[in-house]
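Student: dropping the sequence and predicted coords here.
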Amino acid sequence: RTGRIYPPAERAVIKSAELVPCPAAIADALGVDTAAEVIQRHRVTYRDDVPVSASTTWMPGNLALEAPRLLSTERIVQGTVGYVREVTGRSAVRGVDQASARPATAQDAEDLKVPAGSPVACERNRWYDSEGNVLEYGESVSVPGRWSSHEYEIT
């Protein structure tokens with residue numbers, strides 16, 4: 001609605017954006033073969049320079065040829081899925097979000113500057129294209145007290 005993904009005083013830093021061998025769990029989530037390469041983008045979100053969340057998204061590796069900015073750590077203003085729509089015509093038409101909580105992993109602890117094992121909220125999402133293929137799969141973690149908001153209309 002506001003054209004901004006982050007609320008005031010928050011900003012994200014893309015820590016990495018690269019083609020990587022596909023981990024087995026991610027291959028299952030994306031519906032690709034474990035021998036495939038996938039695009040992996042890792043970011044940390046800060047509020048007033050304090051890390052409040054971290055996320056990693058994966059997309060099919062074949063998108064790298066048509067959408068090379070997915071491999072850049074520069075911000076993609078329209079978002080990754082918006083950019084993919086612009087350059088390939090593939091749109092996200094459906095999504096599934098899941099939320100839970102768990103102890104912070106070593107990676108979470110590094111990103112969020114919390115002790116390993118601390119409680120963190122975690123989410124994962126899948127965005128599907130019109131053919132039913134997963135366009136993007138993401139996992140995120142956040143510190144306690146950071147709300148995740150989803151606004152929508154029911155028709």
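Tutor: Okay, I see it. Numbers count the residues shown, from 1 in each chain.

Student: how far away is residue 116 from residue 143?
Tutor: Distance of residue 116 to residue 143, computed by CB to CB, to the nearest Å: 14 Å. (C-beta placed from N, C-alpha, C; glycine too.)

Student: more neighbours: the two, which one.
Tutor: residue 143 (20 against 12; other CB atoms under 10 Å).

Student: who's in contact with that one?
Tutor: Neighbouring residues of residue 143 by CB atoms under 8 Å, 6 or more residues apart in numbering: 51-53, 112, 114, 120-121.

Student: where does this structure have low pLDDT?
Tutor: Scanning the chain for pLDDT under 70 picks out the ranges 1-6, 155.

Student: that one: strands as residue ranges?
Tutor: Taking DSSP state E to define them, one finds strands in the chain at 10-21, 37-47, 50-60, 94-103, 119-128, 134-142.

Student: residues of the longest one that come out buried?
Tutor: Along strand 10-21, the positions that meet the burial threshold by neighbour count (16 or more other CB atoms under 10 Å) are 10, 17.

Student: try stretch 38-49
Tutor: Quick answer for stretch 38-49 (16+ other CB under 10 Å): 38-45, 47.

Student: does residue 63 touch residue 84 like I think?
Tutor: Yes. In this structure, residue 63 is within contact of residue 84 by CB atoms under 8 Å, at 6.2 Å.

Student: higher neighbour count, the two?
Tutor: Counted by other CB under 10 Å, residue 63 and residue 84 do not tie: residue 84 has more neighbours, with 26 against 21.

Student: grab the nearest non-local neighbour of the more buried one.
Tutor: Excluding its sequence neighbours, the residue lying closest to residue 84 (CB to CB, 6 or more residues apart in numbering) is residue 67, at 5.3 Å.

Student: work out the gap between the longest helix seen in the chain and the centre of the chain.
Tutor: In the chain, assigned by DSSP state H, the helix with the most residues is helix 80-88. Put simply, helix 80-88 sits 15 Å off its chain's centre (CA atoms, centre = their mean, to the nearest Å).

Student: which strands and helices lie in contact with it?
Tutor: With contacts taken as 3 or more CB pairs under 8 Å, 6 or more residues apart in numbering; DSSP states H and E, helix 80-88 sits against strand 50-60, helix 63-66, strand 134-142.

Student: if we go to 10 Å?
Tutor: Applying 3 or more CB pairs under 10 Å, 6 or more residues apart in numbering; DSSP states H and E, we find helix 80-88 packed against strand 50-60, helix 63-66, strand 119-128, strand 134-142.

Student: I'm done for today, thanks for sticking with me.
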